[in-house]
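In: Okay, here's the prediction I keep looking at, along with the sequence it came from:
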Amino acid sequence: MHELGLSESIVDAALRRAAGRRVTGLRVRIGGHVVAPEVVTQGIRLAAAGTVLEDATVDLVLEPMMVSCRECGGSEAVSDHLALVACPRCGGVDIEITGDEHVVLESITVAQPD
Ligand SMILES: [Zn+2]
C-alpha cells in the first residue's frame, strides 16, 4: 500500500535525523490528496517498533487540498475530498482537485539526556 511506503519513508528519515537518540515525538506534514491519516499513523507505529522511535507520539499536520472550479473560476481549500462532489461556491461539478501530494517529516523531538 501507498500509505505504508510513506510511513516507512518517514520513519527512515526520522531515524537518520535522530542519529541514535531516543525520540519522543514526530511531526509530519501531509499535503495534497493523500490518504487516510490513521493509516499513516498506524504505519509509522509499525515501522517504528523496536527503534528509538517506538515511544514517539505522532503528530500529523494535514494541509487542506485546493479545489478549483471551471464553472465559476473559484478556488477553495477543502479538507474532505470524500464530501467533495461539487463546487462549494456555485455547486458546479466541473471541478478539479489541485495541490501537490507530499509527505514531509517536519520535526522530531529528542529526549533530553538524563
Ligand atoms: Zn464553482
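Out: Good, I have the coordinates.
In: Enumerate every residue touching A14.
Out: By CB atoms under 8 Å, 6 or more residues apart in numbering, A14 lies in contact with V23, L26, A48, L53, A56, L105, I108. From N, CA and C alone the C-beta is placed, and that goes for glycine too.
In: which stretch of helix or strand covers it?
Out: helix 2-18 (DSSP states H and E).
In: Check the spacing between the residue nearest the centre of the chain and A86 real quick.
Out: For the chain, the residue nearest the mean C-alpha position is I30 (2.5 Å; CA atoms, centre = their mean). Relative to A86, I30 is positioned 24 Å away (CB to CB, to the nearest Å).
In: Could you do A14 as well?
Out: Distance, A14 to A86, by CB to CB: 39 Å.
In: S9 now?
Out: 34 Å.
In: Contact residues of this structure facing the ion?
Out: Within the chain, the residues that sit near the ion (CB under 5 Å from the ion) are C69, E71, C72, G74, C87, R89, C90, G92.
In: Which among those count as buried?
Out: The neighbour-count criterion (16 or more other CB atoms under 10 Å) marks C69, C87 among these as buried.
In: give the contact list for T98.
Out: T98 neighbours (CB under 8 Å, 6+ apart): M65, M66, V67, S68, S75.
In: A13 and L105 touch, don't they?
Out: Yes. With contacts counted by CB atoms under 8 Å, A13 reaches L105, the gap being 4.4 Å.
In: where along this protein do the strands fall?
Out: All strands of the chain, identified by DSSP state E, fall at 23-31, 57-62, 65-69, 75-78, 95-98, 102-110.
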